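K.L.:
What would the 3D arrangement of this be:
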Amino acid sequence: MLSCSQTPKIPKVREVEANCRTRRHGLRDVKLGFCIAIALTIPLRAETAESAPPGVDSSNVAQLKQLSLAQLGDLEVTTSSKEPEEVWKTAAAIYVLTQQDIRRSGATSIPDVLRLVPGVEVAQANSNIWSVGIRGFGSAFSKSVLVMIDGRSVYTPMFAGVYWDVQNLLLSDVERIEVIRGPGGTIWGSNAVNGVINIITKSAEHTRGSYASYTGGNIEQSSGAVRYGGTYGAMDYRAYAMGFGRSPEFHTDGDNYDGWQLGQAGFRTDSRLSGRDRLTVQGDLYKGSVGQQVSVGVLSPPGQPNLEGTEDPSGGNLIARWRRDLSDRSDIQVEGYYDRTYRIGPQLGESRNTFDLDFIHHFFIGNRNELIWGAGARWSPSNFIEVVPTTVFVPLREDEKLYSTFVQDQIALVHNQLWLTLGSKFEHNIFTGWENEPSARLLWTPSSHQSVWAAVTRAVRTPSRIDEDLQLTQVDPTVPIPIFVCVCDNGKFQSETLLGYETGYRRLITSKFYVDFAAFHNKYNDLENFGDASVAILTSPPPLDILISFPFANGIMGTTNGGEIAPDFKINKNFEVKAAYSYVSLNLEDRATHTKGSDALSEETSSPHNEVTLQALLNLPKRFEFDPTFRYVSALPTQTVNGYSTADTRFAWHFSHDLTLSVVGQNLLQPRHAEMAPLLVERSAYAQITWNNAAE
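P.N.:
Down below sits the predicted model:
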């Protein structure tokens with residue numbers, strides 16, 4: 001007889017993503033492997049994406065090269081409050097990647113670009129999967145990070161996270177990426193626990209003209225993109241198409257299953273309906289093929305084979321956003337979107353339709369109070385597609401409904417120097433009912449280019465279908481009596497909660513030296529683990545079997561502590577050096593016993609304690625550019641990954657005003673290195689030719 005204390009161990013819920021496709025086969029790794037298998041299978045003001053200091057077009061690369069650090073600090077951001085505000089007046093740990101940062105990084109995907117952001121942990125699981133986390137808790141689905149593209153949430157409520165393999169954009173169309181490190185639930189709602197990533201594309205006004213590019217290399221084998229934009233009356237428009245093929249990364253067993261191809265097309269229009277009204281309409285369509293390897297349970301005869309094949313994702317979205325200026329002190333904005341996703345692979349499939357509508361009203365009361373409030377609704381029906389009988393979501397169809405409202409008041413305690421911001425989000429979901437996410441923030445600006453801030457915020461991660469509805473069976477066929485292990489949800493999972501304490505300081509010390517510092521202490525409760533196992537002896541039908549069942553539970557609590565510092569030294573108009581250092585320490589324990597169980601210890605050691613990034617941007621004579629980047633990431637003991645150092649470099653020549661040739665080398669310091677076991681990320685290189693005569 002097998003006792004519960006002798007049952008095979010299963011890994012933590014959010015590590016399931018990485019294992020089926022990275023071939024970690026122990027039963028302790030069931031959940032990690034499962035979610036990787038799945039991974040394959042802000043309402044913004046209309047003009048904020050173009051916001052810049054007076055007289056500066058922030059999307060113009062040539063002008064951005066000449067911006068001083070003070071001007072870059074004056075760029076307006078929207079993620080902290082849904083309204084444009086200067087970085088100096090933002091009471092949050094915010095970091096902005098401009099179009100210049102993106103272009104000169106040489107990155108070809110959003111996760112690779114995010115490596116430049118302090119506090120963001122990015123690890124490549126294979127050719128098409130990245131683990132992305134903020135201040136700890138990284139996973140291939142980024143469960144505690146809310147990711148948005150032009151106001152459209154790309155967080156999937158089935159698996160609690162983001163399908164990074166289909167978040168593909170024409171990177172030259174990205175205006176900026178704003179990253180909030182720390183909770184943002186008061187404005188953005190559930191799942192904005194550890195941070196918010198807000199990707200903002202350029203207005204069609206800034207992409208008039210033609211664009212074409214082609215890229216070829218050993219990993220980035222072949223990719224191309226075309227775009228055209230113009231003006232028709234009071235409407236600016238653009239349309240684009242892109243596609244790429246990416247080869248597998250290095251596998252020690254030579255089993256190169258993780259190739260990746262995707263094609264995508266879309267459009268955007270920006271219309272000036274009147275002097276007070278603007279309307280944006282945009283949409284995208286995509287279809288791809290993603291190489292996948294999964295480990296699935298087979299009931300008869302009992303076994304746990306590896307299956308290889310492709311997962312075929314497809315989908316699209318349509319967004320409409322309208323803003324009206326009621327006066328110079330008041331405006332309203334309405335945004336609605338429809339999002340369609342479909343994925344089918346060797347283990348499972350899903351189809352989902354999401355309809356979302358949000359309303360925001362921003363106004364002033366007197367000279368001291370700036371208020372913003374809003375309401376929203378989301379309906380997201382989904383259908384689970386059963387491929388193998390050992391992976392099932394029950395019920396197969398579920399309609400997820402979300403209703404929310406929020407209010408925030410920024411109070412000027414001392415004119416132009418001291419502000420107190422109070423607010424809360426109230427949100428209703430189908431799993432736990434009403435949730436609230438209040439916050440209080442204090443901002444002091446002793447001078448025009450210096451700010452000190454502090455914040456206390458509550459945030460939640462609400463349950464998803466993987467927490468409530470999963471029935472996953474794995475098999476250990478190596479023992480005389482087959483052992484079946486079932487991850488069987490009991491429908492009692494509660495929201496994970498965070499109470500975060502933050503403080504920060506940013507200052508333009510000289511006209512050439514800027515520094516941004518933030519520190520945090522986060523208290524987590526009700527984090528996910530596996531509950532107590534139950535054991536049953538199955539005698540019918542014969543032969544004799546043993547079934548061990550585990551439910552998901554809210555059994556972990558603890559704290560994280562750390563901070564980030566990001567200095568920026570602009571030596572002259574042709575030479576800039578950016579650096580970032582991040583530190584995080586996790587201290588987790590089982591709630592019931594106040595000891596470090598295997599789940600808590602695994603979570604603790606799955607995030608790097610230290611990260612360092614150093615980037616140089618050099619404008620050379622004869623219109624050449626040279627941009628090296630150095631990165632260091634400390635070890636991940638749970639992943640059996642050692643700390644590593646690597647470097648990327650980009651060399652470009654602007655042959656003419658419209659034509660650019662560039663060569664990029666990535667991961668150059670060694671032939672290959674591990675970021676998530678057992679995959680090895682290879683040294684790679686690619687060349688790119690770009691034609692761009694857009695009137696940016």
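K.L.:
Output the contacting helices and strands for the biggest strand by length in the chain.
P.N.:
Taking DSSP state E as the criterion, the chain has its longest strand at strand 552-572. Helices and strands touching strand 552-572, by 3 or more CB pairs under 8 Å, 6 or more residues apart in numbering; DSSP states H and E, are strand 513-530, strand 575-590, helix 598-604. For the C-beta atoms, the positions are set from N, CA and C on the backbone; glycine is no exception.
K.L.:
partners of the second one in the sheet?
P.N.:
By that I understand strand 575-590. The strands beside strand 575-590 in its sheet (DSSP bridges) come out as strand 552-572 (antiparallel), strand 610-620 (antiparallel).
K.L.:
Now these in a markdown table, please, with extra columns for mean neighbour count.
P.N.:
Below are the strands paired with strand 575-590 laid out as a markdown table (neighbours: other CB atoms under 10 Å):
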| stretch | mean neighbour count |
| --- | --- |
| strand 552-572 | 19 |
| strand 610-620 | 18 |
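K.L.:
Tabulate these in JSON lines, adding columns for mean pLDDT and distance to G504.
P.N.:
Formatted as JSON lines, the strands paired with strand 575-590 follow (pLDDT from 0 to 100; distance: least, CB to CB, whole Å):
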{"stretch": "strand 552-572", "mean pLDDT": "94", "distance to G504": "9"}
{"stretch": "strand 610-620", "mean pLDDT": "96", "distance to G504": "18"}
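K.L.:
Out of those strands, which gets nearest to I332?
P.N.:
strand 552-572 (35.1 Å; CB to CB).
K.L.:
Any regions of the protein where pLDDT drops low?
P.N.:
1-75, 79-81, 540-541, 695-696 (pLDDT under 70).
K.L.:
Walking through it, point out its helices one by one.
P.N.:
Listed in chain order, the helices of the chain (DSSP state H) span 30-40, 61-66, 69-73, 99-105, 110-114, 185-188, 465-468, 598-604.
K.L.:
Ok, which of the helices and strands packed on strand 552-572 comes nearest Y237?
P.N.:
strand 575-590 (34.3 Å).
K.L.:
and the angle for that closest one with strand 513-530?
P.N.:
30 degrees (axes from the mean of the first three to the mean of the last three CA atoms, to 10 degrees).
K.L.:
quick one: buried residues of strand 575-590?
P.N.:
E576, K578, A579, A580, Y581, S582, Y583, V584, L586, L588, E589, D590 (16 or more other CB atoms under 10 Å).
K.L.:
Next one: the fifth one relative to L669, how far apart?
P.N.:
Going back to what we said before, that points to Y581. Here the criterion is CB to CB, to the nearest Å. By it, Y581 lies 19 Å from L669.
K.L.:
With P302 instead?
P.N.:
From P302 to L669 the distance is 46 Å (CB to CB).
K.L.:
neighbour-wise, which of those two wins?
P.N.:
Per other CB atoms under 10 Å, whichever of P302 and L669 has more neighbours is P302, with 17 against 13.
K.L.:
Just give the nearest non-adjacent residue to the more buried one, would you?
P.N.:
Among residues not flanking P302 along the chain, P482 sits closest, at 3.9 Å (CB to CB, 6 or more residues apart in numbering).
K.L.:
okay, now the one you found: neighbour count?
P.N.:
20.
K.L.:
Report the outermost residue of this structure with respect to its centre.
P.N.:
P542 (47.7 Å; CA atoms, centre = their mean).
K.L.:
need the contact list for that residue.
P.N.:
Going by CB atoms under 8 Å, 6 or more residues apart in numbering, P542 touches no other residue.
K.L.:
G283 now?
P.N.:
Contacts for G283 (CB under 8 Å, 6+ apart) come out as G266, F267, G316, N317, L318, I319.
K.L.:
ok, now with 6 Å
P.N.:
Contact partners of G283, counting by CB atoms under 6 Å, 6 or more residues apart in numbering, are G266, N317, L318.
K.L.:
Most neighbours among the residues you listed, which one is it?
P.N.:
Neighbour-wise, the contacts of G283 (other CB under 10 Å) top out at G266, 22 neighbours.
K.L.:
Ignoring the adjacent residues along the chain, who's closest to that residue?
P.N.:
Nearest residue to G266 in three dimensions, chain neighbours excluded: D284, at 3.6 Å (CB to CB, 6+ apart).
K.L.:
Contact partners for that neighbour?
P.N.:
Each residue near D284 by CB under 6 Å, 6+ apart is listed here: G266, G316, N317.
K.L.:
so how far is N353 from the nearest residue to the last one once chain neighbours are set aside?
P.N.:
So the one you mean is N317. Distances taken as CB to CB, 6+ apart put D339 closest to N317, at 4.5 Å, once the chain neighbours are dropped. Separation of D339 from N353 (CB to CB) stands at 7 Å.
K.L.:
the more surrounded of these two?
P.N.:
Legend: neighbour count by other CB under 10 Å for D339 and N353, higher for D339 (20 against 16).
K.L.:
do you know how far the more buried one is from S380?
P.N.:
Distance of D339 to S380, computed by CB to CB: 8 Å.
K.L.:
And for D545?
P.N.:
D545 is 38 Å from S380, by CB to CB.
K.L.:
How about E398: what's its closest non-neighbour residue?
P.N.:
Per CB to CB, 6+ apart, closest to E398 is S382, 5.9 Å.
K.L.:
how many other residues sit next to P301?
P.N.:
By other CB under 10 Å, neighbour count at P301 equals 8.
K.L.:
try S223
P.N.:
Counted with other CB under 10 Å, residues neighbouring S223 total 20.
K.L.:
beta partners of it?
P.N.:
Here S223, judged by DSSP bridges, has bridge partners T215, F244.
K.L.:
Let me know the distance separating it from L171.
P.N.:
From S223 to L171 the distance is 11 Å (CB to CB).
K.L.:
Now for F651: which residues touch it?
P.N.:
F626, V663.
K.L.:
can you do 10 Å?
P.N.:
F651 is in contact with 106, 618, 620, 624-628, 661-665, counting by CB atoms under 10 Å, 6 or more residues apart in numbering.
K.L.:
Identify the residue nearest the geometric centre of the chain.
P.N.:
Centroid-nearest residue in the chain, with CA atoms, centre = their mean: V147, separated by 4.6 Å.
K.L.:
Correct me if wrong: it contacts V162.
P.N.:
Yes - using CB atoms under 10 Å, V147 is in contact with V162, at 4.9 Å.
K.L.:
which residues are common contacts for those two?
P.N.:
Among the neighbours of V147, those also in contact with V162 (CB under 10 Å, 6+ apart) are I110, V132, S153, V154, Y155, N191, I197.
K.L.:
Bridged to S210, which residues?
P.N.:
According to DSSP bridges, beta-bridge pairing links S210 with Y228.
K.L.:
ok, it - how many residues close by?
P.N.:
Using other CB under 10 Å, S210 has 15 other residues around it.
K.L.:
try S656
P.N.:
10.
K.L.:
tell me the contacts of it?
P.N.:
By CB under 10 Å, 6+ apart, the residues touching S656 are R623, W691, N693.
K.L.:
Dump the helices and strands packed on strand 552-572 to JSON lines, plus distance to Y237.
P.N.:
Below are the helices and strands packed on strand 552-572 laid out as JSON lines (distance: least, CB to CB, whole Å):
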{"stretch": "strand 513-530", "distance to Y237": "37"}
{"stretch": "strand 575-590", "distance to Y237": "34"}
{"stretch": "helix 598-604", "distance to Y237": "47"}
